[in-house]
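J.: Got a sequence here, can you build the structure:
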Amino acid sequence: MNFVRSHHRLALLVMLNMIILLRCVPAPVEPTKPVLPTLVLRTPMPVPPALTPAPLPAVTAGRVVQEMTEKRETLSIEQIDNLLSSFFPTDTRPSQYPVDTYRIWFQTRNEDDVVVQIQADVRFPRVEADVEEFPVFVYGPGTTGVATKCAPLDEQARGCNWGDYRSHLLSYATQGYITIIANWQGFDDPDRTHPYFVAELEGRVMLDAARAVYHFFEHPPSDDILARPAPAIFLGGYSQGGHGAFSADAMAADYAPELDIKGIIGHATAPDVERLMYDSPRYTPYIVYAYRDFYGDQVINIQDVLLSNLVSTFEQDVTSLCIDDALNHYANTPEQMFTPEFRNALYHNQLADQFPAFKEKLDANYSGRVVNGSVPAIILHGDADSIVQLHTINKFVSQMCQAGKSVTYNVYPGVDHFQTRQCSFVDTLQWMEDILGGNTPVSDCVIVDNADEVFMRSESEYWYEAPGYGYRGSTHWTWTVSEEQEEDCWAEWRPVLP
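T.: Numbering: from 1, shown residues only. As a prediction, this is how the structure comes out:
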């Protein structure tokens, strides 16, 4: 056993393996399995009790408002191939089915258990002869904003590209999946904004969207609809949508026990709201606004978080800027976004001491807070993702593994946040097909009973990483040439030596 401890004036080089990278290829490949570091916390945080709402009556949850159903389009295989040629960077699987798209409204419930109606797009294979069953893929969209004009389903009508969800969900529907993507709560209500990263409401939307699929096909709006949903559901999502998928997974057994969920899929998943601010400060205005609006002003004072030049127009900016404009409006460095007090608390793990009410809500909405070990998951992430960085995903995967969940973990070299769905498309299909074929997905979780090899380090903004170099392909380092800071940069490495 080796033990290394260093203060901020000393150079420290610690190497360990974090990931094994996969190539982004257009055809199915055998995934290379990352070796995950054992997660060790200096002071383990107690897991808060699960928030599991009572099951909703079948008469309202997921019920489609049939008189509001509208057919949007029918696309031939040739038309789909033309659309997908601009969505995918390289050739991918050829389309298999023409696809019908319907816009529906279905019922879910808000935080007060009041029934609300939200929009969704259902896409499914168009079959001509006999009734045929297809698995269901419920998908959560990524961040688009909080204002009603930023509703994910409106991106095409507004001429925006917040995720090109039309092309993305067509790519699965043409391969033989019934897909549904819904607006999050708040987007279809002109009197409120979207409750951004509120796990319970995201979970309700995902699970009630799955219910809505079955209700839609119980009473199809046209006699030429011959597709039917099989009793097999996958929950997936991109970025914020991945947070929603894992939140739904955690509450499914209590909220929607009748649903047969086969797997959870996370594309560039953002599981941890606190770490999203840490990794990408420009998302903080959305988070702070949404939590103040949803939980109350006492949760956090905006003047304590953002610099004064951002406070004066805070509400106007947040409620008018959709994500494409917000990414250009806000800086992505903590020095240009945060007050010194909040920056110090966020980057030195002191939110619980200095902003306890805010920290409590952040922890309550962490999608790894409750782990459903009975449903397998696949995490697909790019190593060039600067919005949700690898250290955040590594921790999330490690925690799920330690809670007994089977996790397939694929990391793609040179792929950023916005290209992960495209580069992982074939791997995602193959993973679902393996499960549907009765196979047990390969888990990349490594169980170490005695924690023989351990790496721990302090939470500090002065740590740097150089993936791909050093022992097992990763290097952590820190240094200083100035006066000693008011903190220690420490690390412990306990390798297994030959």
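J.: What are the buried residues along stretch 142-158?
T.: Neighbour counts using 16 or more other CB atoms under 10 Å place 142-148, 150-155 of stretch 142-158 among the buried residues. Bear in mind the C-beta positions are built from the backbone N, C-alpha and C, glycine included.
J.: Excluding chain neighbours, what is closest to Met68?
T.: Trp105 (4.3 Å; CB to CB, 6 or more residues apart in numbering).
J.: Following element in sequence after the helix or strand harbouring the one you found, please.
T.: Assigned by DSSP states H and E, Trp105 belongs to strand 99-109. Downstream of strand 99-109, the next assigned helix or strand under DSSP H and E is strand 115-125.
J.: So which other helices or strands are in contact with that following strand?
T.: Contact here means 3 or more CB pairs under 8 Å, 6 or more residues apart in numbering; DSSP states H and E; on that basis strand 115-125 packs against strand 99-109, strand 132-140, helix 165-173, strand 178-182, helix 199-218.
J.: send the alpha carbons of the third one over as CSV?
T.: As requested, the backbone C-alpha atoms of helix 165-173 are provided in CSV (Å, rounded to 0.1, in the frame of the first residue of the first chain):
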residue,chain,number,x,y,z
TYR,A,165,-35.8,15.5,-31.8
ARG,A,166,-37.9,14.9,-34.9
SER,A,167,-34.9,13.3,-36.7
HIS,A,168,-33.7,11.6,-33.5
LEU,A,169,-37.0,9.8,-32.7
LEU,A,170,-37.6,9.0,-36.4
SER,A,171,-34.3,7.1,-36.4
TYR,A,172,-35.7,4.7,-33.8
ALA,A,173,-39.3,4.5,-35.1
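J.: list the helices and strands it packs on?
T.: Helix 165-173 packs on helix 77-87, strand 115-125, strand 132-140, strand 178-182, going by 3+ CB pairs under 8 Å, 6+ apart.
J.: Quick one: low-confidence residue ranges for the chain.
T.: Residues of the chain meeting the criterion pLDDT under 70: 1-59, 446-477, 479-498.
J.: let's go with 50 and repeat that
T.: Scanning the chain for pLDDT under 50 picks out 1-32, 35-59, 448-454, 497-498.
J.: all helices in the stretch 201-350 of the chain, in order from the N-terminus.
T.: 240-255, 273-279, 284-295, 302-305, 308-311, 314-318, 323-329, 334-337, 340-347 (DSSP state H, counting those that start in this stretch).
J.: so how far is the fifth one off the chain centroid?
T.: In this view, helix 308-311 has its centroid 29 Å away from the chain centroid, taken as CA atoms, centre = their mean, to the nearest Å.
J.: circling back to that earlier point, out of the helices and strands packed on strand 115-125, indicate the one that is most buried.
T.: Highest mean neighbour count among the helices and strands packed on strand 115-125 (mean count of other CB atoms under 10 Å): strand 178-182, with a mean of 27.
J.: That one - which strands sit beside it in the sheet, and in what orientation?
T.: Sheet pairing of strand 178-182 (DSSP bridges) gives strand 115-125 (antiparallel), strand 132-140 (parallel).
J.: would CSV of those with distance to Ser76 be doable?
T.: Listed next are the strands paired with strand 178-182 as CSV, based on distance: least, CB to CB, whole Å:
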stretch, distance to Ser76
strand 115-125, 12
strand 132-140, 18
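J.: Let me see the contact set for Trp105.
T.: Shown in contact with Trp105 (CB atoms under 8 Å, 6 or more residues apart in numbering): 64-65, 68-69, 117-120.
J.: and those residues as JSON lines, adding distance to Leu346 and neighbour count?
T.: Putting the contacts of Trp105 into JSON lines (distance: CB to CB, whole Å; neighbours: other CB atoms under 10 Å) gives the following:
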{"residue": "Val64", "distance to Leu346": "43", "neighbour count": "25"}
{"residue": "Val65", "distance to Leu346": "43", "neighbour count": "12"}
{"residue": "Met68", "distance to Leu346": "43", "neighbour count": "12"}
{"residue": "Thr69", "distance to Leu346": "45", "neighbour count": "18"}
{"residue": "Gln117", "distance to Leu346": "37", "neighbour count": "15"}
{"residue": "Ile118", "distance to Leu346": "33", "neighbour count": "24"}
{"residue": "Gln119", "distance to Leu346": "35", "neighbour count": "19"}
{"residue": "Ala120", "distance to Leu346": "35", "neighbour count": "23"}
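J.: Which among the strands paired with strand 178-182 is found nearest to Ala384?
T.: Closest to Ala384 of the strands paired with strand 178-182, according to CB to CB: strand 132-140, at 22.7 Å.
J.: And Ala403, how close does it get to Lys71?
T.: For Ala403, the distance to Lys71 equals 43 Å [CB to CB, to the nearest Å].
J.: These two: which has the busier surroundings?
T.: Set Ala403 next to Lys71 and count neighbours by other CB atoms under 10 Å: Ala403 wins out with 15 against 12.
J.: how near is the more buried one to Val99?
T.: Ala403 sits 37 Å away from Val99, going by CB to CB.
J.: same deal with Val116?
T.: Per CB to CB, Val116 is found 28 Å from Val99.
J.: Apart from its neighbours in sequence, what residue is nearest the residue nearest the centre of the chain?
T.: Centroid-nearest residue in the chain: Gly242, 2.3 Å away (criterion: CA atoms, centre = their mean). Nearest non-adjacent residue to Gly242, counting by CB to CB, 6+ apart: Thr269, 2.9 Å away.
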